[in-house]
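Enquirer: based on what follows, work out the 3D shape:
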Amino acid sequence: MNRNLLTASKELLVRHEGLHLRPRPISGNDLIIGFGRNLTTSGISLSEANILLINDICSCEKQLLSHIPDIYNSLNDTRKSVLINICFSRGINDLLAQAQTLAFIKSADFERAANCMLASRWAKQTGRRAIELSELMRHGKSSIIEYSNNSYKRS
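Expert: Have a look, this model is predicted:
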């Protein structure tokens, strides 16, 4: 497609479709987002999903830096990724409600922090994810744990 055709098409579609930053129902059960992207029939591409994920990771880090900068900045990248993962899946408020776990992390008592993570309602709800994240928090290394045959093993 040539640049002029792309520009002209984009201008028309922006004007006619409008911008919707949240999914919006249209005829039938279809949902649109952005400039008229039909999520029901078109979905999103892998590259679009990756862009959304990167944006969400950056948003989680921004929230962690805003709410618990002293804890977050004291961690290595593996442990930071655990907090990002929990923030992503549960939201910052749910993470902040885990005061005892955060207190153990703040005092660098990662053994107790991991045990506290495993004893939570969240762990019962998320199963393997909680086991993996607690082990990453406990050891601070991503290479020490591998999942196979429905169990985690140290490598």
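
Enquirer: run through this structure and note the low-pLDDT ranges.
Expert: 143-155 (pLDDT under 70).

Enquirer: can you name the farthest residue from the center of it?
Expert: The C-alpha centroid of the chain is most remote from N4, which lies 37.6 Å away (C-alpha atoms, centre = their mean).

Enquirer: from the contact counts, what lies against the helix or strand harbouring that residue?
Expert: Using DSSP states H and E, N4 maps to helix 3-17. Applying 3 or more C-beta pairs under 8 Å, 6 or more residues apart in numbering; DSSP states H and E, we find helix 3-17 packed against no helix or strand. (C-beta placed from N, C-alpha, C; glycine too.)

Enquirer: measure the residue farthest from the centre of the chain to E11 for me?
Expert: 11 Å (C-beta to C-beta, to the nearest Å).

Enquirer: in this structure, which spans are helices?
Expert: 3-17, 39-42, 46-67, 69-73, 77-90, 92-96, 99-106, 110-118, 121-126, 128-139 (DSSP state H).

Enquirer: centroid-nearest residue for this structure?
Expert: Central residue of the chain (C-alpha atoms, centre = their mean): F88, at 3.0 Å.

Enquirer: hang on, the earlier thing: could you point out which of the helices of the chain sits nearest G28?
Expert: Closest to G28 of these, according to C-beta to C-beta: helix 39-42, at 8.1 Å.
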